[in-house]
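Q: Next comes the sequence, and after it the predicted model I'd like to discuss.
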Amino acid sequence: MSREQHSAHNYLRPTKKFPNVWCPGCGIGIVMGSLIRAVDHLGLEKDNVALISGIGCTGRMPVYTDFNTMHTTHGRALAFATGLKLARPEMEVIVVMGDGDALAIGGNHFIHAARRNMDITAIVVNNNIYGMTGGQYSPTTPLDSRATTAPYGNIEPPMPIADLAAAAGASYVARTTVYHAVEMDRYIEQAVSKKGFSMIEVVSYCHTTYGRINKLGSAVDMMRALKENSVSLTAAEKLPPEEREKKVVRGVLRNIDKPGYVELYDKVIAKAQGG
Amino acid sequence: MTTRLMQGNEAVSWGALAAGCRFYAGYPITPSTEIAEMLSRELPKIGGKFIQMEDEIGSLAAVIGASVGGLKSMTATSGPGFSLMQEHIGYAAMTEIPCVIVDVQRLGPSTGSPTSASQGDVMQARWGSHGDYPIIALSPTTVPQAFDLTVAAFNISEHYRTPVILLLDEVIGHMRERVTLPDFSTVTRVERMGTDVPPEWYRPYGDSISDVPPMANFGSGYRYHITGLYHDQMGYPTQRLDEIDPWIQRVHRKIERNLNNIIMTEEYGLSSANTVVIAYGATARSARHAVKLARQRRHKVGMLTLLTIWPFAEEAICKIAQTTKRFVVPEMNLGQAALEVERLVGKNRVVRVNRANGEMVTPQMILQAIEGR
């Protein structure tokens, strides 16, 4: 059976009432689908997968999936995941967060999970806004664009999520968009298979809040914009810097081999036990 | 069995190991840091895990995560860090995940005086997180008791699926006393009740005779959902009143129906007393001395020591109030447990003895209050 034919229903909870909380046209469901395809393709046992989230629209993803799931507090998902991973090193621990969740309130945990190279896969769905609370500016809201708390335009420069993860010490960093679902499948597979901390920034959109207040049109319009405004890493290298800055650059931005925290702590245990 | 001189913080660490603690996450803070230092050394020796997190919020998050993974888990902190942990104390109560939080109280508010003693976190231990939730807080008066109550904290936490706070004060944390450590294999350990039903039958927050639902650890073949939102018996978010009401009643009931097993007190000379001193933590030591001096002077004084601060020993105090006129409540704060005693017996029967400058309440201060001077 090819991947395309495989039913995601094997990984969705039959006991959980659908539909989901997301607005029609939202990109978060695409990320959930991609995550499921990646897990399926890797042949992971559902019992062996933990999906952990914080608060916000993206934070609602785990409840629909048939894994060991935990919807934690705002910004702290990586810290919860750190404890679980150390207690159950054999489990694949995957964390999904929004941009505000991961980088504003959770920024400290994000940096330190990357620095420790904690064996966790983090997926940050970046929709440039706080969607669930109604469209306040987030750490990734573009300069000059509007939000309900930036009625005169945003004066804060956006956080470079992928650069931050790489600089802090992540083993694997990639960026893609919700338009590029097949690419996303591949990146999530690579990230989950990787030792240490891996982070995928998935650029999405929020047509309900950000799109409306900035007059960017429907979900379809915003999806089309993602397609048109993003370039692959190789194509980006050929662009002049001022052009490149305007684009969402997709690709694997960092992929290095170094021991993850779990492996290093096993050595601590061996040392403590006189080995 | 070994006998040695040790700090309260050390006794807490040994108590944790004896109770089966295998995970510690924490952030350095005076006067609790010795616990982290000791467990960073001792845990890996027995295959346990230690991690120094980026802050106290992350520390308690990691502790809860590890507990979900099946390890008995603990953190230790002091006032400022305890304030940061409040959201996750509420999360642990809401999700019914066992964990132990040690708070070695120092003088507050704010950064206060890090090496000075205090009992200023009594009310924060009870009401620090938002909303209504049950909480258990234990407070040792001696170093050997710090060992015993740490073991008790783990056992209660696992038994009732609830966070348990161990309230030390700086005096007990740093003071050295002789402790006889038992052979850890002889220490009574309570393990959380698991489940062996077929996974499709498992209801992580279902009804049970004990009001404590069996807890499946992540990775054990029972896939379920944990959330800080109000949830139904399957753990899924709900806004239904007929699911919210039973939940909040059950989590309170699981503690309230077991008060006799949770509330620990020590009584001394109550039968003929017309004045009773109620004390806890290091202050109980001054109180013991004051009561002894007062009785030598033929005052009819008794004493009730609270080892469990929350839930408050209402039944014991109300019973004493039937035969006793006055209560003296000494504390290293401006009156926190005294508020509870006043609520139970009436304000006019309670004499507060307070000191909130980082020094202990002295026996003389308590003696003066006993003698009504």
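A: Sure thing, it's come through. Please read all numbers here as calculations on a predicted model, not as lab measurements.
Q: Could you use CA atoms for every contact and neighbour count after this?
A: Will do.
Q: by contact count, what packs against the helix ranked longest in chain B?
A: What stands out as the longest helix in chain B, according to DSSP state H, is helix B:143-160. Applying 3 or more C-alpha pairs under 8 Å, 6 or more residues apart in numbering or on different chains; DSSP states H and E, one finds that helix B:143-160 contacts helix B:8-19, strand B:99-107, strand B:163-169, helix B:170-174, strand B:176-181.
Q: and these, which is most packed in?
A: strand B:163-169 (a mean of 31; mean count of other C-alpha atoms under 10 Å in any protein chain shown).
Q: Could you see whether chain A lies near that strand?
A: No. Figure legend: strand B:163-169 not in contact with chain A (C-alpha under 8 Å from any C-alpha of the partner chain); closest approach 15.5 Å.
Q: what's the neighbour count on the closest residue to chain B within the stretch 51-200 of chain A?
A: When distances are taken as C-alpha to the nearest C-alpha, the stretch 51-200 of chain A reaches nearest to chain B at A:G83, 3.9 Å away. By the criterion of other C-alpha atoms under 10 Å in any protein chain shown, A:G83 has 31 neighbours.
Q: in what helix or strand does it lie?
A: For A:G83, the enclosing helix or strand under DSSP states H and E is helix A:77-87.
Q: Just the C-alphas of that helix, formatted as CSV.
A: Below are the C-alpha coordinates for helix A:77-87, written out as CSV (Å, rounded to 0.1, in the frame of the first residue of the first chain):
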residue,chain,number,x,y,z
ALA,A,77,5.7,21.7,26.5
LEU,A,78,9.5,21.2,25.9
ALA,A,79,10.1,21.1,29.7
PHE,A,80,7.4,18.5,30.3
ALA,A,81,8.8,16.6,27.3
THR,A,82,12.3,16.7,28.8
GLY,A,83,11.1,14.9,31.9
LEU,A,84,9.2,12.3,29.9
LYS,A,85,12.1,11.7,27.6
LEU,A,86,14.5,11.1,30.5
ALA,A,87,12.0,8.8,32.2
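Q: Run the chain-centre distance for it.
A: Taking C-alpha atoms, centre = their mean, to the nearest Å, one finds the center of helix A:77-87 at 16 Å from the center of the full chain.
Q: which other helices and strands contact it?
A: Helices and strands touching helix A:77-87, by 3+ C-alpha pairs under 8 Å, 6+ apart, are strand A:49-53, strand A:92-98, helix A:107-116, helix B:56-68.
Q: near chain A, which residues of the stretch 1-150 of chain B?
A: Residues of the stretch 1-150 of chain B found near chain A (C-alpha under 8 Å from any C-alpha) are B:23, B:41, B:44-49, B:54, B:57-59, B:61-71, B:88, B:91.
Q: rerun that using 10 Å as the cut-off
A: Counting by C-alpha under 10 Å from any C-alpha of the partner chain, the stretch 1-150 of chain B comes close to chain A at B:22-25, B:40-51, B:53-55, B:57-73, B:87-88, B:91, B:95.
Q: Regarding the residue positioned nearest the centre of chain B, what is its secondary structure?
A: The centroid of chain B falls nearest to B:A137 when counting by C-alpha atoms, centre = their mean (2.4 Å). Per DSSP: H, G, I helix; E, B strand; the rest coil, the secondary structure class of B:A137 is strand.
Q: Tell me where chain B has helices.
A: Secondary structure of chain B (DSSP H): helices located at B:8-19, B:33-42, B:56-68, B:79-84, B:86-95, B:122-127, B:143-160, B:170-174, B:241-256, B:259-262, B:283-296, B:314-321, B:337-345, B:363-370.
Q: Put together CSV for those, with distance to A:Y64 and mean pLDDT on each row.
A: Putting the helices of chain B into CSV (distance: least, C-alpha to C-alpha, whole Å; pLDDT from 0 to 100) gives the following:
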stretch, distance to A:Y64, mean pLDDT
helix B:8-19, 37, 98
helix B:33-42, 38, 98
helix B:56-68, 19, 98
helix B:79-84, 31, 98
helix B:86-95, 18, 98
helix B:122-127, 33, 98
helix B:143-160, 28, 98
helix B:170-174, 46, 98
helix B:241-256, 20, 97
helix B:259-262, 38, 98
helix B:283-296, 52, 98
helix B:314-321, 44, 98
helix B:337-345, 45, 98
helix B:363-370, 60, 98
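Q: what sits against residue 201?
A: All of this is about chain A. Contacts for A:E201 (C-alpha atoms under 10 Å, 6 or more residues apart in numbering or on different chains) come out as A:97-99, A:122-126, A:160-162, A:165, A:173-177, A:184, A:250.
Q: Chain B, not that one
A: For B:W201, the contacting residues are B:Y222, by C-alpha under 10 Å, 6+ apart.
Q: All set, thanks.
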